[in-house]
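> let's see this in three dimensions:
(one chain, ligands or ions: 1)
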Amino acid sequence: MAIDTPARIAIVGAGPTGLEATLYARFLGYDVDTFESASVGEALRPYGPIELPWTFGELSSPLGRTAILTQNPDHRFPADDATITVEQWLSSYLLPLAEVDLVVDSLRPGRSVAQIGREGLRRSDVVPFDDRFDELFLLRIADRDGNEEWLQCDIVIDAGGGESEPAGWGVGGLDPIGAARLASESNILLRHVVLPDEERQREWADRSLLVVGDELPAIRQLDALLDLKRASPETTIDWIVRGNPEEDSLGDRLAPLVSTDPRAAERMARIEQGVAAGLIRRLVGLQVASVSPAQEGWWIDLVGSQPNRLRSDRIFALTGFRPDFSSARELQLDLSPETEGPRAWADYLNAKRSGPEPTRLESAEPLVNHEPNYYVIGRKSYGRRSDYRPSIGLDQIRALFTLIADRPGLDLYRHLPTESA
Ligand SMILES: Cc1cc2nc3c(=O)[nH]c(=O)nc-3n(C[C@H](O)[C@H](O)[C@H](O)COP(=O)(O)OP(=O)(O)OC[C@H]3O[C@@H](n4cnc5c(N)ncnc54)[C@H](O)[C@@H]3O)c2cc1C
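Numbering: from 1, shown residues only. A predicted model of the protein is given here:
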């Protein structure tokens, strides 16, 4: 069912996906409010100097680049095949995109979408699909000072990201006993990849560092720590990995992720060399059961193949994230039991696992949820999976608007609009 313009769309989040979706919807003539609880690109900011695993061409859309250049013909972008840092993504593309007239008019920074419901319906109401479809969404919006207001809209596009709540890093995916106490000690427990800049190099050199996790963030962190180890040989790096020590299948488990980050294979090879050379001590088949303060640093009690106790000064607990759908609890969401993201999208990705890499969505069907006109795109759609990449978010936007506008061939990324931004 098409939603004709003028219709009102609320977008949750002004990260890369929310900004691109805002521009796309505005070009099509929709009335858009994009809510951002903090500021544009908020989730990216802590990663500043980290190099992104994708080229500038994959991190930007033709529509976004055209809109920025229309507004500021002197703007210079990195080359399409350039590898850039998060800071460069923000300064050369995302922040200028947020300044484009069509986007800035829609942006509502400092405003959170606290709750999303349907005006005349509760989640528990059993009504035909069309009745839910026809009912307006109602959003409760809250600003930083505690002021609140209602917003009605026809469509909600949730691009709220998926890296706000770290997943458990202990045995069985739970938090280890003592983790809350450890978390209250700043600088000891790190839940995001952190590059050792000069200050961190001084702080971490000759210390005992522990990395927990077996996905791309752990690989990136270990690769960065190897350089530190070479410069300061007294540093120890322990790496705890789940799985069966008899059949160390880490390479197999990481294989699908390598396509997400083209440099992951090189990193893995360097880490394997580091393990073989004794620079990294890899402990397979272990999980963290508890943590407790030692005279210096923290004791880490491990269970599994060889119950063990380690002492660590810094713990990089890089075990992924879980999405936060709490604001949408009054909607009839159907979430995947594995990813905690939308089930239809998770099923689509699972089906693709056995086939070729998803490059271009043939239809928007995998984005359709049980709750009509509530769509989840970008990192959030992947839930606990860590193989998201921004070019997929752009393709989701393209496909989604073929459905919303009921124009099957619509593709503003291939056929750029001629009207000025
Ligand atoms: C160096 C690096 C490497 C990465 N590698 C990978 C990878 O290999 N695999 C992977 O899966 N991901 C990876 N990521 C993560 C992902 O690519 C990025 O986080 C990307 O920014 C996702 O864009 P997004 O717009 O979908 O979400 P985000 O950038 O997270 O943006 C979401 C925005 O929504 C806002 N928001 C959330 N809830 C609300 C609300 N209720 N109301 C208002 N605003 C709200 C947030 O403040 C945030 O600004 C990586 C990130 C970095 C920095």
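> so residue 239 sits in a strand?
Yes: counting by DSSP: H, G, I helix; E, B strand; the rest coil, residue 239 falls inside a strand.
> so it touches residue 279, yeah?
No: Residue 239 lies out of contact with residue 279 (C-beta atoms under 8 Å); the separation is 10.5 Å. For the C-beta atoms, the positions are set from N, CA and C on the backbone; glycine is no exception.
> neighbour count: the two, which is higher?
residue 239 (25 against 19; other C-beta atoms under 10 Å).
> CA atoms only for the helix or strand where residue 9 lies - export them in PDB, please.
When elements are assigned from DSSP states H and E, residue 9 belongs to strand 8-12. Output in PDB follows, covering the C-alpha atoms of strand 8-12 (Å, rounded to 0.1, in the frame of the first residue of the first chain):
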ATOM      1  CA  ARG A   8       4.600  12.500   7.800                       C
ATOM      2  CA  ILE A   9       7.600  10.300   8.500                       C
ATOM      3  CA  ALA A  10       9.400  10.100  11.800                       C
ATOM      4  CA  ILE A  11      13.000   8.900  11.600                       C
ATOM      5  CA  VAL A  12      14.700   7.700  14.800                       C
END
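> mean confidence for it?
Average pLDDT, strand 8-12: 98.
> just stretch 62-75 next, same as before
97.
> between the two ends of stretch 117-129, what distance do you get?
This stretch, stretch 117-129, spans 15 Å end to end (C-alpha to C-alpha, to the nearest Å).
> which bits of the stretch 51-200 of the chain sit near the ligand?
Residues of the stretch 51-200 of the chain lying near the ligand by C-beta under 6 Å from any ligand atom: 52-53, 86, 112-113, 159-161, 163.
> which ones among these map onto helices?
Judged by DSSP state H, those include residue 86 as members of helices.
> closest one of the residues of the stretch 51-200 of the chain next to the ligand to residue 335?
Nearest to residue 335 among these is residue 160, at 14.1 Å by C-beta to C-beta.
> residues in contact with the one helix or strand residue 401 maps to?
Following DSSP H and E, the helix or strand that holds residue 401 is helix 390-404. Contact with helix 390-404 is made by 2-3, 16-17, 20-21, 24-25, 28, 54, 58-59, 61, 155, 157, 159, 358-361, 363-364, 367-368, 375, 377-379, 381, 407-413, as judged by C-beta atoms under 8 Å, 6 or more residues apart in numbering.
> buried sites along stretch 111-131?
For stretch 111-131, the neighbour count (16 or more other C-beta atoms under 10 Å) marks 111-113, 115-118, 121 as buried.
> for the residue nearest to residue 336 when sequence neighbours are not counted, give me its contacts.
With C-beta to C-beta, 6 or more residues apart in numbering as the criterion, residue 336 has its nearest non-adjacent residue at 3.5 Å, and that residue is residue 346. Counting by C-beta under 8 Å, 6+ apart, residue 346 makes contact with 336, 338-339, 383, 385.
> so what's the backbone phi/psi at the residue in the stretch 101-250 of the chain that the ligand sits nearest to?
Nearest to the ligand in the stretch 101-250 of the chain, going by C-beta to the nearest ligand atom, is residue 161, at a distance of 2.1 Å. Here is the backbone geometry of residue 161 (degrees, to the nearest 10): phi 70, psi 170.
> ok, now which ones touch it?
When contacts are counted by C-beta under 8 Å, 6+ apart, residue 161 is found next to 13, 15, 17, 43, 378-380.
> what segments of the stretch 101-250 of the chain are helices?
101-104, 129-134, 179-183, 198-204, 216-231, 250-258 (DSSP state H, counting those that start in this stretch).
> so the host helix or strand of residue 25, near the ligand or not?
Element membership for residue 25 (DSSP H and E) is helix 16-27. Yes: judged by C-beta under 6 Å from any ligand atom, helix 16-27 comes into contact with the ligand through 16-18.
> let's verify residue 301: helix, strand, or coil?
Assigned by three-state DSSP, the conformation of residue 301 is strand.
> beta partners of it?
Beta-bridge pairing for residue 301 (DSSP bridges): residue 290, residue 309.
> wait, it touches residue 287, no?
No: taking C-beta under 8 Å as the definition, residue 301 is not a contact partner of residue 287, at 10.1 Å.
> break the protein into its domains for me.
Using automatic domain parsing, the domain ranges for the chain come out as 8-163+321-404, 168-317.
> would you single out the least confident of the ones you listed?
domain 168-317 (a mean of 88).
> ok, and what's touching stretch 88-97?
Outside stretch 88-97, the residues within contact range by C-beta under 8 Å, 6+ apart are 16, 19-20, 23, 40-41, 44-45, 52, 56, 59-60, 64-65, 67-68, 72, 75-78, 84, 103.
> show the buried residues in those residues.
Buried members of the contacts of stretch 88-97, counted by 16+ other C-beta under 10 Å: 16, 19-20, 23, 40-41, 44, 52, 56, 59-60, 64-65, 67-68, 77-78, 84, 103.
> ok, which residues in the stretch 301-421 of the chain are in contact with the ligand?
Contacts of the stretch 301-421 of the chain with the ligand, taken as C-beta under 6 Å from any ligand atom, map to 327, 378-379, 382, 386-388, 390, 393.
> one more time with 5 Å
327, 378-379, 386, 388 (C-beta under 5 Å from any ligand atom).
> so the residue in the chain sticking out farthest from the centre, which of the three states?
In the chain, counting by C-alpha atoms, centre = their mean, residue 295 sits farthest out from the average C-alpha position, at 36.9 Å. Judged by three-state DSSP, the three-state class of residue 295 is coil.
> okay, it and residue 327: tell me how far apart.
According to C-beta to C-beta, to the nearest Å, residue 295 stands 44 Å off from residue 327.
> before we move on, what about residue 235?
Per C-beta to C-beta, residue 235 is found 42 Å from residue 327.
> with residue 233 instead?
Using C-beta to C-beta, residue 233 is found at 49 Å from residue 327.
> and the two? Which one has more around it.
Neighbour totals were compared for residue 233 and residue 327, and residue 327 leads with 19 against 10 (other C-beta under 10 Å).
> for the nearest residue to residue 177 once chain neighbours are set aside, give me its contacts.
Among residues not flanking residue 177 along the chain, residue 290 sits closest, at 3.9 Å (C-beta to C-beta, 6+ apart). If you count contacts by C-beta under 8 Å, 6+ apart, residue 290 has them with 170, 176-178, 301.
> thank you, goodbye.
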